[in-house]
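S.K.: Fold the following.
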Amino acid sequence: MSQPQPIAQLGGVPVLILKEGTTRTTGREAMRINIMAARAIAETLRTTLGPKGMDKMLIDSLGDVTVTNDGATILDEMDVQHPAAKLMVEIAKAQDDEVGDGTTTAVVLAGELLKEAESLLDKNIHPTVIISGFKKAADKAREVLEKIAIPVKYEEDETLKRVAITAMYSKAVAASREYFAELAVKAVKQVAEKKNGEWVADTDHIQLIKKQGGSLFDTQLVYGIIIDKEVVHPGMPKRIENAKIALLNCPLEVEKPEYDAEIRIRDPSQMRAFIEEEERMLREMVEKLKKIGANVVFCQKGIDDMAQHYLAKYGILAVRRVKKSDMEKLARATGARIVTNIEDLTEKDLGYAKLVEERKVAEERMVFVEGCKNPRAVSILIRGGLEKVVDEAERSLIDALSVVADAIEDSKIVPGGGACEIEIARVLREYAATVGGREQYAIEAFANALEIVPKTLAENAGLDPIDIITELRAIHAERPDGWKYGIDVFSGKVADMVSLGVVEPISVKLQAIKSALEAATLILRIDDIIAASRLEEKKEERREEEKKEEESTEF
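M.R.: Got it, this is the predicted structure:
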């Protein structure tokens, strides 16, 4: 029931509780409004799911156009107003932050869970019972996934490559998919570290730089770091082999005191002495670098013109105003330590790279730091003919890097193509019968909701979803290896996903189910919406009041 002013009755006299203009929606209507908003978001993303999914064109308020089918990007670019719809956007962000892929699956699954929940609400099943059943179903789903998971080792490059290719199937980089997958596996394995006997791969240590021009196949992996800056002085060398690298978090300038000071100069010799002293201080700084053997300097802050002159004179290559994140990656790649005071700099603080060189890339100059000894940070320079192609290639690579890192950390993969969802749904229907009571309906509803993934994959590929789902259910029920079977959208038939190499990290599936459950639970728990009047409405009311006052004073 929606009413403009929430009021209470006191002895038959209405009492205003909330501010005038506040609206309140309660009970079933509040739930329906929230479910409808959340489902609208899910329906928007549904057509983008899978290798045959469509793209969305998003135009922001400034007229910038984004063409993508990446779920996280679509929701990030959309200006969503409804609070329940915003919850779905947050769920997608959580999925993206946690595992880097499966955002569309999570949102579509959440939308379908809410659709199934709505039909249970119509049967007068209480939201708490529905939520309880959903939680039991999600726990069982995790058990099924763990049971059907296939172990994968760090050394299995080909399997990791298949994981990366699966993540990129839906992206617009079809021709270079295999090449990108190879780059992703090499990059992640380079930054992976063993901690407490387990592999940890942090994709933050992989630097992605986009430059329009060339083709996607010109994209390259650099075993080092690329700095999107040029050498500060034209007289400096542009190429240094066997580079000894100093990383400075302090300016190569004469520091100005914090307090205001005035120097009274009475004759030119004093002025000259002042300038010479400043010059001496800068020369000493550069000589310190030369003395310890540094021939490359990356500075996070500024470099004085005079210091640049001396650096060039001593044949030292220098780059200034380097980003903090790039400095940290340089430290991991070269083995150098970031020093905050040049006085403390020693030979031990220097890093090593086989080659530091300034190169021209797409009309811009960049500094490449290559050939580092076992670098713990690497770079990928993404190229492409169009700006939109480069942007989509970056999104594809981010997904590929994330899933390869997930697979290395989890050491487990599961079949894609809707195989997992059909298998979980089959087990849940058997499990529901053992639970009994009203929760049984909720568990069955969860099973039905999971089938939205293979159903949508079939629909987006132009196949008949009813025929596909029926065939999948039969194979999963009858064959001992039925859990491997999903939809091959390219042939339009049901096939063994493991043999085809359509595999995903287990964490992507687990997180998608977890995210979808959290979204559905959050929305189903809301039975009352109290909304204050919008600022625009208040301003409009104020204008109308002022107008009336003006009219009344005129008479």
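S.K.: Next up, the contacts around Arg542.
M.R.: By Cβ atoms under 8 Å, 6 or more residues apart in numbering, no residues touch Arg542. For glycine as for every other residue, the C-beta is placed from the backbone atoms N, C-alpha and C.
S.K.: which residues of the stretch 151-300 of the chain score low on pLDDT?
M.R.: Residue ranges of the stretch 151-300 of the chain with pLDDT under 70: 256-261, 270, 274.
S.K.: Repeat the analysis, applying 90 as the threshold.
M.R.: 153-154, 156, 167-177, 194-203, 212-216, 251-286 (pLDDT under 90).
S.K.: Torsion angles phi and psi at Lys210?
M.R.: phi -100, psi 140 (degrees, to the nearest 10).
S.K.: Same question for the one 5 residues further on.
M.R.: For Ser215, the backbone dihedrals are phi -120, psi 170 (criterion: degrees, to the nearest 10).
S.K.: cool, and Pro251?
M.R.: Torsion angles, degrees, to the nearest 10, at Pro251: phi -80, psi 150.
S.K.: What is the neighbour count of it?
M.R.: 18 (other Cβ atoms under 10 Å).
S.K.: as a whole number, average confidence for whichever helix or strand Ile398 is part of?
M.R.: For Ile398, the host element (DSSP states H and E) is helix 387-410. Helix 387-410 shows a mean pLDDT of 90 in the predicted model.
S.K.: Helix or strand next in line after that helix, which one?
M.R.: By DSSP H and E, the next helix or strand past helix 387-410 is strand 412-415.
S.K.: Run through the neighbouring helices and strands of that next one.
M.R.: Secondary-structure packing of strand 412-415 (3 or more Cβ pairs under 8 Å, 6 or more residues apart in numbering; DSSP states H and E): helix 127-148, strand 150-151, strand 503-505, helix 506-524.
S.K.: in the first one, what's buried?
M.R.: Under the neighbour-count criterion of 16 or more other Cβ atoms under 10 Å, helix 127-148 has 127, 130-138, 140-141, 144-145, 148 buried.
S.K.: To which secondary structure element is the most centrally placed residue in the chain assigned?
M.R.: Centroid-nearest residue in the chain: Asp96, 4.7 Å away (criterion: Cα atoms, centre = their mean). Element membership of Asp96 [criterion: DSSP H and E] is helix 83-99.
S.K.: tell me what that helix is packed against?
M.R.: Going by 3+ Cβ pairs under 8 Å, 6+ apart, helix 83-99 lies up against helix 27-46, helix 71-77, helix 103-122, helix 387-410, helix 506-524.
S.K.: Out of the ones you listed, flag the one nearest Ala461.
M.R.: Ala461 lies closest to helix 27-46 among these, at 13.1 Å (Cβ to Cβ).
S.K.: Report the next helix or strand after that closest one in sequence order.
M.R.: strand 56-59.
S.K.: I'd like the mean pLDDT over that next one, please.
M.R.: 90.
S.K.: and if you look at stretch 62-69?
M.R.: Rounded mean pLDDT across stretch 62-69 is 86.
S.K.: May I have it as CSV, with CA atoms only?
M.R.: Extracted C-alpha coordinates of stretch 62-69, given in CSV (Å, rounded to 0.1, in the frame of the first residue of the first chain):
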residue,chain,number,x,y,z
LEU,A,62,29.2,14.2,-22.2
GLY,A,63,28.4,12.2,-25.4
ASP,A,64,31.3,9.7,-24.9
VAL,A,65,30.4,6.4,-26.5
THR,A,66,31.3,3.0,-25.0
VAL,A,67,30.6,-0.2,-27.0
THR,A,68,31.0,-3.4,-24.9
ASN,A,69,29.3,-6.6,-23.6
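S.K.: Dump the helices and strands packed on strand 412-415 to TSV, plus distance to Ala362.
M.R.: Listed next are the helices and strands packed on strand 412-415 as TSV, based on distance: least, Cβ to Cβ, whole Å:
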stretch	distance to Ala362
helix 127-148	44
strand 150-151	42
strand 503-505	34
helix 506-524	34
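S.K.: what's the closest of these to Glu370?
M.R.: Per Cβ to Cβ, nearest to Glu370 of these: strand 503-505, 30.5 Å.
S.K.: For that closest one, enumerate the helices and strands it packs against.
M.R.: Checking 3+ Cβ pairs under 8 Å, 6+ apart, strand 503-505 ends up next to helix 157-168, helix 387-410, strand 412-415.
S.K.: Can you convert these into TSV and add a column each for distance to Leu517?
M.R.: As requested, those are exported to TSV (distance: least, Cβ to Cβ, whole Å):
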stretch	distance to Leu517
helix 157-168	23
helix 387-410	19
strand 412-415	18
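S.K.: Pull up the gap between the spatially closest residue to Glu392 that is not a sequence neighbour and Gly384, please.
M.R.: Distances taken as Cβ to Cβ, 6 or more residues apart in numbering place Ala172 nearest to Glu392, at 4.9 Å, with adjacent residues excluded. Ala172 sits 10 Å away from Gly384, going by Cβ to Cβ, to the nearest Å.
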